[in-house]
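> Kindly generate the corresponding structure for this input.
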Amino acid sequence: MDALAFPVQPLPPWKRAVLKVGSSLLAAEGGGLSPRFALGLAQFVLASRQAGREVVIVSSGAVAAGRAVLPRAADGAPTIAAKQALAALGQAQLVGLWQRFFEAPVAQVLLTHDDLRDRRRYLNARGALLELLRLGAVPVVNENDTVAVDELKLGDNDNLAAAVASLVDAELLLIATDIAGLYSAHPGHDPAARPVARVEAITPAVLGMAGDAGALGTGGMRTKLEAAAKAAAAGISTALFSGRDATAVAALGQGELRGTLVDAQGSRLRARKQWLRHAPAAGVLDVDAGACAALLRGASLLPGGVRGVTGEFRRGDVIEVRAADGTVLARGQAQYSARDGARIAGRHSREIEAVLGFHYDEAMIHRDDLVLLHAAGHPAAEPQGETNGETTA
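Alright, predicted model coming up:
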């Protein structure tokens, strides 16, 4: 069965997407990498960029590339150490493959799941990826297989792609695989298998439809559905399609999907705001009236409006913002630790680097990481729009 077995359906609206490409689409026969299927996917990325959209690529294939660089490294049993060595040998080749398709610079970003669990490393990875997109580069993310032993065992780039989609606030996760989409049963084993064009929620019954892992990739359809479930919980839709089928890949450029669409569970913004509302708060920032007014206009919380820092929190922790009358006005993720926040409180943003010796962001809490709760005892609307400039009074 091919992509034509799936009805054409519109992709959800998106401005930023994560495209996950598995090793089965990149590996050449006999080892190394092939541009055969990567070319069509790269053309989709290029057309999306020309239309003003942003795409982060999550790409497997380093181990396969390493086998061609030093074939004797693949001799013997495929131990974890051998795979680590092959990944180290193949990373440059993998980035080189993607670079040949773009005039814009391709940036390699190596992540592990630990990077996304640690608060500071999470924010650092987020900041780096968003800055690369702002600069017009093409980020190519891969697991840091040289050190990420568990990921090499599990082949978890699908779930990493879902985490990256949440990390960069993507609206859509695109997973290119070697089959056309999800079927009601394994299409190679069950002649009665039927294409499943749309999934409203990942249930045990849906997971039961998934087949085993492919020959080259270590993650099968089940890991793709698990990734789609994580993305859905973050308010991100997932499209599963065949990266081997030129018709399916070309359809993406027309805003159409020939494959399986897994619906988001609510909006991405709502999912993040709900988390900020209910996550345990590790500290409090006391702010002046000028900062309160700026927050209500949709601005970030800049250090100039902070009058006090309470608690022992780290960068990335959820903290509360308290007005002079004691009202908890907002909650958000701290850009600076309690210690560093106390040092820059009341100062202009341009002084941060001089005081601390480094500079993460001009804000103590960025507006994208902030949810309003109350204003002077009255319900407050969510921030709308942008406010430029320093607010200190």
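> tell me the domain ranges of the chain?
Domain ranges of the chain: 3-266, 279-379, per automatic domain parsing.
> okay but residue 68 is in contact with residue 27, surely?
No - under the criterion of Cβ atoms under 8 Å, residue 68 makes no contact with residue 27, lying 9.5 Å away. For every residue, glycine as well, the C-beta is placed using N, CA and C.
> For these two, indicate the residue with more neighbours.
Taking other Cβ atoms under 10 Å, residue 68 and residue 27 do not tie; residue 27 has more neighbours (23 against 18).
> Quickly note the distance from the more buried one to residue 59.
Note on residue 27: its distance to residue 59, by Cβ to Cβ, to the nearest Å, is 12 Å.
> same check, this time on residue 68
16 Å.
> What residues does the closest residue to residue 234 other than its chain neighbours make contact with?
Closest residue to residue 234 apart from its sequence neighbours, by Cβ to Cβ, 6 or more residues apart in numbering: residue 166 at 4.3 Å. By Cβ atoms under 8 Å, 6 or more residues apart in numbering, residue 166 lies in contact with 230-231, 234, 236.
> Pick out whichever of these sits closest to residue 290.
residue 234 (33.7 Å; Cβ to Cβ).
> So what's the residue count around that closest one?
Applying other Cβ under 10 Å, I find that residue 234 has 22 neighbouring residues.
> So that it lines up with my notes, have the first residue be 50 from now on.
Okay, residue one is now 50; in that scheme the one you just asked about reads as residue 283.
> Tell me the confidence at it?
On pLDDT, residue 283 comes in at 87.
> so where do the strands sit in the stretch 50-199 of the chain?
Counting by DSSP state E, counting those that start in this stretch, the stretch 50-199 of the chain has strands at residues 58-59, 65-70, 103-108, 155-160, 187-192.
> May I have the secondary structure class of residue 333?
Using DSSP: H, G, I helix; E, B strand; the rest coil, the structure places residue 333 in strand.
> For it, give me the pLDDT.
97.
> Assign a three-state SS to the closest residue to it other than its chain neighbours, would you?
Nearest residue to residue 333 in three dimensions, chain neighbours excluded: residue 359, at 4.3 Å (Cβ to Cβ, 6+ apart). Following three-state DSSP, the label given to residue 359 is strand.
> Quickly list what the nearest residue to residue 357 once chain neighbours are set aside is bridged to.
Closest residue in space to residue 357, ignoring its immediate chain neighbours: residue 335 at 3.7 Å, by Cβ to Cβ, 6+ apart. With DSSP bridges applied, residue 335 shows beta-bridge pairing to residue 357, residue 371.
> is it true that residue 335 touches residue 371?
Yes - counting by Cβ under 8 Å, residue 335 does reach residue 371; the two are 5.1 Å apart.
> in the stretch 250-399 of the chain, which spans are helices?
253-257, 270-282, 295-302, 317-327, 338-345, 387-393 (DSSP state H, counting those that start in this stretch).
> what about the nearest residue to residue 405 once chain neighbours are set aside, neighbour count?
Distances taken as Cβ to Cβ, 6+ apart place residue 389 nearest to residue 405, at 5.6 Å, with adjacent residues excluded. Residue 389 has 22 neighbours, counted by other Cβ under 10 Å.
> So residue 389 sits against residue 402, correct?
No - counting by Cβ under 8 Å, residue 389 stays clear of residue 402, with 11.5 Å between them.
> Any idea how far the top helix by length along the chain is from the middle of the chain?
Longest helix of the chain, by residue count under DSSP state H: helix 129-148. Chain-centre distance of helix 129-148: 21 Å, with Cα atoms, centre = their mean, to the nearest Å.
> Let's test this: mean pLDDT of it, rounded?
Averaged over helix 129-148, pLDDT sits at 88.
> Next: stretch 413-429.
73.
> One more: stretch 105-124?
Averaging pLDDT along stretch 105-124 yields 80.
> Also stretch 250-260?
86.
> And that stretch, what's buried?
Of the residues in stretch 250-260, 251, 255, 258-260 count as buried by neighbour count, 16 or more other Cβ atoms under 10 Å.
> quick one: it to chain centroid distance?
Averaging C-alpha positions (Cα atoms, centre = their mean) puts stretch 250-260 23 Å from its chain's average.
> how about it as CSV, C-alpha atoms only?
The C-alpha trace of stretch 250-260 is given here as CSV (Å, rounded to 0.1, in the frame of the first residue of the first chain):
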residue,chain,number,x,y,z
ALA,A,250,-6.6,10.6,20.5
ILE,A,251,-3.9,8.0,21.1
THR,A,252,-5.7,5.2,22.9
PRO,A,253,-4.6,1.6,23.8
ALA,A,254,-6.6,0.5,20.8
VAL,A,255,-4.7,2.8,18.5
LEU,A,256,-1.3,1.8,19.9
GLY,A,257,-2.4,-1.8,19.3
MET,A,258,-2.4,-1.1,15.5
ALA,A,259,1.3,-0.2,15.5
GLY,A,260,3.8,-2.6,13.9
